[in-house]
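1. Based on what follows, work out the 3D shape:
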Amino acid sequence: MPCILFSVDTYKACAARAHQAMGRGTFPRDALENIEEDIKTTLPSLHLFHLETGPIYQDLKDLLTAWTVARSDEGLPYVSRG
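-> Sure thing, here's the model as predicted:
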C-alpha cells in the first residue's frame, strides 16, 4: 500500500511497515542512524526526546520512521536535518 498522504490510517500503515522492517533488520541502516542523530539533537535542553528518559522519544522515532517509509514509496530517502 503506497503511503502518499499522511492521514491517520496512512500513518498507521506506514508505522506498521516501518516497525516490521526494523524487526526484520531491513529498515535502511543509514536512515535509522540519521533519525537517531536527529532525535538526539532535537531540543536537547528540554529532554523530551532523550533516548532513556524522554517521555516522547519513541513517539518521535515512530513518526520519523513512518515518514521514511512514506517518502521511500515516492523514491525519496530520509534526509537528516543536520
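2. Does anything pack onto the helix or strand hosting A16? Which helices or strands?
-> Element membership for A16 (DSSP states H and E) is helix 8-24. The helices and strands touching helix 8-24, judged by 3 or more C-beta pairs under 8 Å, 6 or more residues apart in numbering; DSSP states H and E, are helix 57-73. (Each C-beta comes from the backbone N, C-alpha and C, glycine too.)
3. can you rerun that using 10 Å?
-> Where contact means 3 or more C-beta pairs under 10 Å, 6 or more residues apart in numbering; DSSP states H and E, helix 8-24 is packed against helix 29-40, helix 57-73.
4. Nearest approach to H19 belongs to which of those helices?
-> With distances scored as C-beta to C-beta, the stretch of the helices and strands packed on helix 8-24 nearest to H19 is helix 57-73 (7.6 Å).
5. Averaged pLDDT, that closest one. What do you get?
-> What helix 57-73 shows for mean pLDDT is 93.
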